[in-house]
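Novice: test case, fold it:
(chains A and B)
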Amino acid sequence: MSGKAQSVVKKQGLAPWQISLLSVTSGLFVWQMISDYVIANPLFLASPLQVVKALMRLIETGELWKHVYTSGIEFFAGYAIAAVIGICVGLLIATSAFAKHWLQPWISGFYATPTVALGPLFILWLGIGVWSKIVIVFLLVVFAVIINTEAGIRSTSERYLEMMRAFGATPRQLFFKVSLPSATPFILAGLKLGIGRGLIGVVVAELFGSRLGLGRLIGASADSFNMPELFAAVSILAASGIAMNSAFAWLEARLVPWTKD
Amino acid sequence: MSKLVSSGLSKWFGDLQALADVNLTVEDGEFVALVGPSGCGKTTFLRTVAGLEAADEGAVYLADKKIEGPGRDRGFVFQQDSLLPWRTVMENTVVGLELAGRLDATETARVRKLLELVGLAGFENYHPRQLSGGMRQRVNLARALAIDPKVLLMDEPFSALDAQTREIMQTELQRIWEEGRKTVLFVTHQIDEAVFLADRVLVFARRPGRLLEDIRIDLPRPRNMATKRRPEFVALVDRIWRLIENDVRESVLVEKI
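Specialist: Below is the predicted model:
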């Protein structure tokens, strides 16, 4: 089946990555054409070339690095804490009925709430520095991780559990040798989901109030109608999102190869 | 001696009596096949021996010890192989020893020999997804043998395989069994499979699930494809089929409704 599908692509004469590259290149080309001839006003739209120029300028002045560094710290600190706590809480509510019923209303409530909207509150409480952003990133990521971890443990195949029971496994052995490994793909999926949510958290939180960061750069560029700089900051965010997702795809292929087919 | 005795065994699922007063004895080293229509309780009986189901009345004794739950004196071979996808063939095969905390260099060497015996030499580091159905069932069997159980419990282990692979696996199982002569309880839907493999065929009936007849198979060993064409073989298969024919027809009707 897959052999057949591959031969169809081959007949078109393009490898999958070539198709993707062609798509991105023609997209950029169309964007360049539109900003050159249709909306030829840099106050409304920056062309890809203008964006690249702005990016170079930001790199040369060293300004970009300060923003990336600040946003990076906010993202990774919030994300790391959310990953650790999210996995632990997820495992806890999957294994303890009391913990599940105690925490479930809060988890459901917070997961459904657009917590970014609480941004101004956290800035009021924790100040304009990185801590308010770390908390917002944490809140956006942690519930996705909790929910996926719990779903992973709960979806453990009854067949595997029964097999291990027949071989005399204790509840502890069932958890560590069956439930946990079989939940790993779900945990990774939750962490992957958290990347996008965390990046949104950083940007929106910085827009609410900050001195440094890519969100701050976006806000400042928008205020001064500097579209090339705004797009430059957005491209950095997009690139880091793509890079982190690729890293996760690599990690998944190494850690949970059995889910691939 | 590791004689297996079922004494007055009964089991209900709600209002449905799955097993009614099953009394039987399996001698040490005997290969016993259980056949019967769907819902005759043969699998329930096997699971009770495994300790995965509890008896409502009566009990099963293995080597004079009452069976109260799962234990490593019984090795279970599952219908669906239930191999852990994140473990290699070797890691899957040693799982029972690992759970018992008995995994050491000596045992690993023994399991390696065992994998050779079931025809998986060279596949120790493969993952289940890289194996064919027949090979996965070999791992399933090796995993049960690895704990060196007193009794091997096999729940329709070849039912998911295609016809040719199944024929091969039947002769393979016979060959492996000849090596160690463990006591085997083998549940199957296929009468010819039961007659081919077993020293005794226990025929079960349904509603309630009960032991109908205990038939000795005296065909000489080793048996091969030619055995299946011998008149005695055909006569035995025919006799068992006539015993359960009505039940099977009924069960098929019930399933269709």
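Novice: okay, now the unreliable bits of the chain?
Specialist: Assuming you mean chain A. Applying pLDDT under 70 to chain A flags residues A:1-12, A:261.
Novice: my bad, chain B
Specialist: The low-confidence ranges in chain B, as defined by pLDDT under 70, are B:1, B:255-257.
Novice: so which residues of it form strands?
Specialist: B:4-13, B:16-26, B:31-35, B:57-62, B:65-66, B:74-77, B:151-155, B:183-187, B:200-205, B:210-216 (DSSP state E).
Novice: likewise for chain A?
Specialist: Remark: no strands are assigned in chain A by DSSP E.
Novice: what residue spans form the domains of it?
Specialist: Annotated domains of chain A cover A:2-38, A:48-259 [automatic domain parsing].
Novice: just name the most buried of those domains.
Specialist: Comparing the domains of chain A by mean neighbour count (mean count of other CB atoms under 10 Å in any protein chain shown), domain A:48-259 comes out on top with a mean of 18. Quick note: C-beta positions are derived from backbone N, CA and C, even for glycine.
Novice: and the strands of chain B: which comes nearest residue A:14?
Specialist: strand B:74-77 (48.9 Å; CB to CB).
Novice: tell me how far that closest one lies from the chain's centre.
Specialist: 8 Å (CA atoms, centre = their mean, to the nearest Å).
Novice: strand partners of it, parallel vs antiparallel please.
Specialist: strand B:151-155 (parallel) (DSSP bridges).
Novice: related to what we said a few turns ago, would you reformat the domains of chain A as CSV and include distance to residue B:212?
Specialist: Output for these, formatted as CSV (distance: least, CB to CB, whole Å):
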stretch, distance to residue B:212
domain A:2-38, 49
domain A:48-259, 27
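Novice: so which of those comes closest to residue B:6?
Specialist: Of the domains of chain A, nearest to residue B:6 by CB to CB is domain A:48-259, at 18.3 Å.
Novice: neighbours around residue B:249, how many?
Specialist: As a burial measure, residue B:249 scores 11 neighbours (other CB atoms under 10 Å in any protein chain shown).
Novice: ok, what's across the strand from the residue nearest to the spatial centre of chain B?
Specialist: The centre of chain B sits closest to residue B:154, judged by CA atoms, centre = their mean, with a distance of 1.8 Å. For residue B:154, the beta-bridge partners are residue B:77, residue B:186 (DSSP bridges).
Novice: pretty sure it contacts residue B:185?
Specialist: Yes. Between residue B:154 and residue B:185 there is a contact under CB atoms under 8 Å: 6.9 Å.
Novice: residues contacting the residue nearest to the centre of chain B?
Specialist: Contact partners of residue B:154, counting by CB atoms under 8 Å, 6 or more residues apart in numbering or on different chains, are B:76-77, B:141, B:144, B:184-187.
Novice: 7 Å instead, please
Specialist: By CB atoms under 7 Å, 6 or more residues apart in numbering or on different chains, the contact set of residue B:154 is B:77, B:184-187.
Novice: give me phi/psi at residue B:37?
Specialist: phi -70, psi 170 (degrees, to the nearest 10).
Novice: which parts of chain A sit against chain B?
Specialist: A:159-160, A:162-163, A:165-169, A:173, A:181, A:258, A:261 (CB under 7 Å from any CB of the partner chain).
Novice: just flag the most distant two among these.
Specialist: Spatially, the most separated pair among the residues of chain A next to chain B is A:168 and A:261, at 31.1 Å (CB to CB).
Novice: who in the stretch 101-250 of chain B is up against chain A?
Specialist: B:127, B:129, B:147.
Novice: I'd like to know which of these are buried.
Specialist: Buried members of these, scored by 16 or more other CB atoms under 10 Å in any protein chain shown, are B:127, B:147.
Novice: among the residues of the stretch 101-250 of chain B next to chain A, which are located in helices?
Specialist: Per DSSP state H, helices hold no members of those.
Novice: residue B:53 versus residue A:184, what's the distance?
Specialist: 31 Å (CB to CB, to the nearest Å).
Novice: so what's the most centrally placed residue in chain A up against?
Specialist: By CA atoms, centre = their mean, chain A has its centre lying nearest to residue A:195, at 1.4 Å. For residue A:195, the contacting residues are A:241, A:244-245, by CB under 7 Å, 6+ apart.
Novice: nearest to chain B among those residues?
Specialist: residue A:245 (22.9 Å; CB to the nearest CB).
Novice: got the contact list for stretch B:212-232?
Specialist: With contacts defined as CB under 7 Å, 6+ apart, stretch B:212-232 is touched by B:24, B:171, B:174, B:178, B:192, B:195-196, B:198-205, B:233, B:236, B:240, B:243.
Novice: now residue B:173: how far from residue B:167?
Specialist: Applying CB to CB, the value for residue B:173 to residue B:167 is 11 Å.
Novice: more crowded one of the two?
Specialist: The neighbour comparison of residue B:173 against residue B:167 (other CB under 10 Å) goes to residue B:173, with 25 against 17.
Novice: who's the closest spatial neighbour of that one, skipping the chain neighbours?
Specialist: The shortest distance from residue B:173 to any non-neighbouring residue, by CB to CB, 6 or more residues apart in numbering or on different chains, is to residue B:197 (6.5 Å).
Novice: stretch A:55-66: end-to-end distance?
Specialist: 14 Å (CA to CA, to the nearest Å).
Novice: how distant is that stretch from the center of its chain?
Specialist: On CA atoms, centre = their mean, the centre of stretch A:55-66 falls 24 Å from the chain's centre.
Novice: quick one: contacts of that stretch?
Specialist: With contact meaning CB under 7 Å, 6+ apart, stretch A:55-66 is reached by A:212, A:229, A:232.
Novice: likewise stretch A:111-125?
Specialist: A:132, A:135-136, A:139-140, A:143, A:147, A:200-201, A:204-205, A:208-209.
Novice: apply 8 Å and report the result again.
Specialist: Stretch A:111-125 is contacted by residues A:132, A:135-136, A:139-140, A:143-144, A:147, A:200-201, A:204-205, A:208-209 when judged by CB under 8 Å, 6+ apart.
Novice: grab the longest helix from chain B for me.
Specialist: Ranked by residue count and defined by DSSP H, the top helix of chain B is helix B:231-256.
Novice: how distant is that one from the center of its chain?
Specialist: Here helix B:231-256 is found 20 Å from its chain centre; the criterion is CA atoms, centre = their mean.
Novice: kindly report the same for stretch A:161-179.
Specialist: For stretch A:161-179, the distance to the chain centre is 34 Å (CA atoms, centre = their mean).
Novice: next: stretch B:93-108.
Specialist: 23 Å.
Novice: with stretch B:172-183 instead?
Specialist: Stretch B:172-183 sits 12 Å away from the centroid of its parent chain (CA atoms, centre = their mean).
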